[in-house]
Structures are given as C-alpha cells and as structure tokens.
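Visitor: Pasting the sequence and the predicted coordinates here, then a few questions.
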Amino acid sequence: MSVTDLPILSMLRTRMQWHQTRQKLLSENVANADMPGFKPRDLASPNFNSRTGELAQPSGAMDGNSGLAVTSPAHIALSTGPEGPGADPRRFKGFEIRPSGNGVNLEEEMMKAGDNQADYQLAATMYQKSLETLKIAIGKR
C-alpha cells in the first residue's frame with residue numbers, strides 16, 4: 001500500500017478534482033451568460049463513506065432547474081414548494097430569467113466561483129499538511 005493510497009489523502013484528492021471540475025462548469029456558465037436559452041449547471045457535492053473514505057455515490061452534473069441528483073425514478077416526488085405547481089417559469093433560484101430564456105446570474109456565479117476557489121485551497125492545504133505530518137511520523141523530516 002502506497003502512502004498516497006491512505007483514505008484521507010484519497011478523499012482530499014477526489015475533493016480537489018471535484019472542485020476543478022466544478023470551476024470549469026461555473027466558468028462555462030459565465031461564458032454563456034448571453035446565450036439565449038442557456039441554463040446554468042452545477043455539480044452535486046461528492047459524498048464520502050466515513051469508514052472507508054470512498055465515494056458513497058458518484059457526483060454528476062445537475063440541471064440548474066431541479067437541483068436534484070436522480071439516483072432512482074422512485075425518489076422524485078411532486079414538489080409543492082416554490083418550484084412546484086404554479087411556480088413562475090421566469091424565476092430561477094430567486095433570480096429573474098431574461099426574456100431570451102437565459103438563467104445565468106453573473107453575481108451568483110462569481111460568488112460560487114469564489115467559494116469554490118476557497119474550498120479548493122482548503123483541501124490543497126489539508127493535503128499538504130497531511131503529507132508533512134506523515135513525513136514527520138516516519139522520520140523523514
């Protein structure tokens with residue numbers, strides 16, 4: 001077993017890869033802010049098994065309208081909330097959709113990008129500190 005195969009390092013590596021992929025999707029949302037009919041997308045956060053450190057379910061792209069990651073058709077129930085029957089189709093997560101059908105809100109996307117960058121930096125720092133701790137433990141430092 002390699003040192004980098006430890007569950008905590010594997011989880012941090014997966015988390016950093018997820019943040020890289022999410023940053024790409026957020027930048028695509030910003031790039032398509034003027035495209036008619038474009039709906040912003042985001043990634044579902046990865047869920048890790050606390051005992052093994054492996055992904056509990058694979059993360060994937062979510063449609064900006066639903067915000068749900070579908071794992072089984074039986075899991076989706078009729079919503080009676082603000083996005084259920086009678087919802088205003090021109091609204092998207094609290095912001096107006098433009099007449100062209102574009103649902104990208106630049107302020108929201110830039111806030112997500114900033115938060116994503118900070119979270120990536122946190123995971124990278126934790127990865128680095130974990131490696132330093134392992135080096136100290138085996139006497140290489």
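Guide: Everything's here; your move. Numbering: from 1, shown residues only.

Visitor: mind listing the helices for this protein?
Guide: 7-31, 106-138 (DSSP state H).

Visitor: Deepest-packed of those, please.
Guide: Among those, ranked by average contacts under mean count of other C-beta atoms under 10 Å, first place goes to helix 7-31 (a mean of 17). (Glycine included, C-beta is placed from N, CA and C.)

Visitor: what helices or strands is that one leaning on?
Guide: strand 41-43, helix 106-138 (3 or more C-beta pairs under 8 Å, 6 or more residues apart in numbering; DSSP states H and E).

Visitor: one more time with 10 Å
Guide: strand 41-43, strand 47-48, strand 55-57, strand 61-63, helix 106-138 (3 or more C-beta pairs under 10 Å, 6 or more residues apart in numbering; DSSP states H and E).

Visitor: wait, which of these is closest to residue 20?
Guide: helix 106-138 (7.2 Å; C-beta to C-beta).

Visitor: for this protein, what helix or strand is lowest in average pLDDT?
Guide: strand 91-92 (a mean of 44; mean pLDDT, DSSP states H and E).

Visitor: Sounds good, over and out.
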